[in-house]
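**Student:** A predicted structure for the sequence below; I have some questions about it.
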Amino acid sequence: MLIDTTDRHYEREFVRTFFTSPTAVEGEDDSAKMLRSAAQLRGMQAPDVWVPDNEDATAPSMREEGVENIVDVVAEYGADFPGEIHPRVVWHREDPELRYQGFQQMLRVATDDSGAIEHIDGFVIPEVGDIDDWKKADEFLTIVEHEAGLEPGSLSMSVIVESGEAELALGDLRAEMGRPANNLERLFLLVDGEVDYTKDMRAMTRTGELPPWPELRHNTSRGASAAGLIAVDGPYDDIRDEAGYLARMRENREKGMTGIWSLTPGQVVAANTAPLPPEDGSWLLEVDGEEVDLAEVDGKHVYDGDAVTIEQSGDTYTLSVGGDTRELDEDELREEVANMAAYVPGMDDIVDSMEEFEAAKEAGRGAIAMTQSATLVIDGVEIEISRDRMWDEATYQAAQTPVTLFQDVYEHRPDQHEELEEMYGEDVVERATAVGS
């Protein structure tokens, strides 16, 4: 039997941030201080999913104390935490003892008299193997729910894909979910763990850096889409490289993977804001496979690089792009530059276009042309360009994705309302929450 992927048991359609915190720090007067700090994050600093991490982030000697800290901190702060809470427990596909320890950790958290489980949405299971291993974790969660007096399937299960076995299991999910013999419908997030995946694959690079593993990210995103789940990329270890982190997120979104692991509050802010539509529209040039943002100056969009040059001599223009140089007239230049240019719509642009298409559809028109014009400046030469884009139902649906993301955030993160209104303005926010519904 195949699961209906539209029948999710959880409410969120998007997760931007997966933030882990060690559950117990050795040598501190308060070993739970990092948990307490994370539990009090709000607004754009607070993740969509917070993961008290009792596995890799916590030393083995501190994990028993870590479980107690999860219970204490979540019982105290969990009711007010604006995101979801999914502790990570120990597990390993080849180690029955670790699997049993993970079960005991979940049971301890779920059955504590403090009521911490009321604020916990699910658990994260690392180091899973083939689909039978996923079913073992699911069965343990079913037992935990029974022992805690919870409804079956009320606890979500997220897994970290850290092995070739787990990657292959992604292809089995759609067929396995919904079978009477399991409760895999409880699955929520599929999270990549590139560090352990690299180890499992015995991969090596000359520098010792991790391979980028675009195939893993694509496969995880595809598996999540087929099974109605949410895909999340793994940690980006160079926490000072914000540009690299943003580039990684941009590449992921092109694969349909909105979420990413965050290691610091700074990464949380970046990952919470980057997927949202920009405040204002902008133009860019595509040069030698690179996208170069243009600066807006007095309503014109200026290229400030040296990979593209234009020299004017009377009515003739010499356009140089990389190593390619051509003599063009004014119309030919306009056409060449228009082909290199692309517009990045802001939130207001997207909402305007969607509203215009909705009005046209209401009037019985199935397609309309949208025009975008601008003045680009390269080497002091001004080029007027205009681009038409035909909007039909498929275009409308594609444009709706960033707005649907915004609506999901607005619905589930009221603590971010003020910051969103500061970004876009109250009028745009009001229209964005209504369009497409």
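**Tutor:** Sure, I can see it. Numbering: from 1, shown residues only.

**Student:** All the strands of the stretch 201-350 of the chain, in order from the start?
**Tutor:** Secondary structure of the stretch 201-350 of the chain (DSSP state E, counting those that start in this stretch): strands at 230-233, 259-262, 282-287, 290-293, 295-297, 300-303, 308-313, 316-321, 324-328, 341-344.

**Student:** out of the ones you listed, nearest to residue 62?
**Tutor:** Ranking the strands of the stretch 201-350 of the chain by distance to residue 62, with CB to CB as the measure, places strand 259-262 first at 21.3 Å. All C-beta spots, glycine's among them, are computed from the backbone N, C-alpha and C.

**Student:** That closest one pairs with which strands, parallel or anti?
**Tutor:** In its sheet, strand 259-262 lies beside strand 17-22 (parallel), strand 230-233 (parallel), with partners assigned from DSSP bridges.

**Student:** Switch the strands of the stretch 201-350 of the chain over to JSON lines; also include mean neighbour count, distance to residue 122 and mean pLDDT.
**Tutor:** Rendered in JSON lines, the data for the strands of the stretch 201-350 of the chain read as follows (neighbours: other CB atoms under 10 Å; distance: least, CB to CB, whole Å; pLDDT from 0 to 100):
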{"stretch": "strand 230-233", "mean neighbour count": "27", "distance to residue 122": "12", "mean pLDDT": "97"}
{"stretch": "strand 259-262", "mean neighbour count": "26", "distance to residue 122": "15", "mean pLDDT": "97"}
{"stretch": "strand 282-287", "mean neighbour count": "17", "distance to residue 122": "39", "mean pLDDT": "93"}
{"stretch": "strand 290-293", "mean neighbour count": "12", "distance to residue 122": "38", "mean pLDDT": "90"}
{"stretch": "strand 295-297", "mean neighbour count": "12", "distance to residue 122": "44", "mean pLDDT": "94"}
{"stretch": "strand 300-303", "mean neighbour count": "20", "distance to residue 122": "46", "mean pLDDT": "95"}
{"stretch": "strand 308-313", "mean neighbour count": "14", "distance to residue 122": "50", "mean pLDDT": "93"}
{"stretch": "strand 316-321", "mean neighbour count": "17", "distance to residue 122": "51", "mean pLDDT": "94"}
{"stretch": "strand 324-328", "mean neighbour count": "12", "distance to residue 122": "54", "mean pLDDT": "93"}
{"stretch": "strand 341-344", "mean neighbour count": "16", "distance to residue 122": "36", "mean pLDDT": "92"}
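
**Student:** Can you convert those strands into CSV and add a column each for distance to residue 205?
**Tutor:** As requested, those are arranged in CSV below (distance: least, CB to CB, whole Å):
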stretch, distance to residue 205
strand 230-233, 19
strand 259-262, 20
strand 282-287, 28
strand 290-293, 23
strand 295-297, 36
strand 300-303, 35
strand 308-313, 33
strand 316-321, 32
strand 324-328, 33
strand 341-344, 33
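
**Student:** between these, which gets nearest to residue 16?
**Tutor:** strand 259-262 (5.6 Å).

**Student:** contacting residues around the closest one?
**Tutor:** The set of residues external to strand 259-262 that reach it, using CB atoms under 8 Å, 6 or more residues apart in numbering, is 14-20, 47-49, 189, 191, 230-236, 245, 248-249, 252, 268, 270-271.

**Student:** got it, and stretch 419-434?
**Tutor:** Defining contact as CB under 8 Å, 6+ apart, one finds that stretch 419-434 is touched by 43-44, 276, 279, 347-348, 351, 355, 403, 406-407, 409-410.

**Student:** Nearest to residue 103 among those residues?
**Tutor:** For the contacts of stretch 419-434, with residue 103 as the reference and CB to CB as the criterion, the closest is residue 409, at 34.0 Å.

**Student:** Next one: that closest one from residue 260, what distance?
**Tutor:** Residue 409 sits 15 Å away from residue 260 when distances are taken as CB to CB, to the nearest Å.

**Student:** low-confidence ranges in the chain?
**Tutor:** By pLDDT under 70, the low-scoring segments of the chain are 1-9.

**Student:** State the distance from the closest residue to residue 36 other than its chain neighbours to residue 37.
**Tutor:** By the measure of CB to CB, 6 or more residues apart in numbering, the closest residue to residue 36 outside its immediate chain neighbours is residue 73, 5.7 Å from it. Relative to residue 37, residue 73 is positioned 10 Å away (CB to CB).

**Student:** In this protein, which helix is the longest?
**Tutor:** Residue-count comparison of every helix in the chain, with assignments taken from DSSP state H, identifies helix 393-412 as the longest.

**Student:** Could you tell me how far it lies from the centre of the chain?
**Tutor:** In terms of CA atoms, centre = their mean, to the nearest Å, the gap separating the centre of helix 393-412 from the centre of its chain is 14 Å.

**Student:** And for residue 212, the neighbour number?
**Tutor:** Applying the criterion other CB atoms under 10 Å, we find 12 residues in the vicinity of residue 212.

**Student:** again with residue 22
**Tutor:** 23.

**Student:** Next, the buried residues of stretch 363-380.
**Tutor:** Buried positions in stretch 363-380, judged by neighbour count with 16 or more other CB atoms under 10 Å: 368, 370, 372, 374, 376, 377, 378.

**Student:** Kindly provide the distance from the residue of the chain most remote from its centre to residue 330.
**Tutor:** Among the C-alpha atoms of the chain, the one most distant from their mean position (CA atoms, centre = their mean) is that of residue 314, at 50.7 Å. Distance, residue 314 to residue 330, using CB to CB: 11 Å.

**Student:** Many thanks, I have nothing further to ask.
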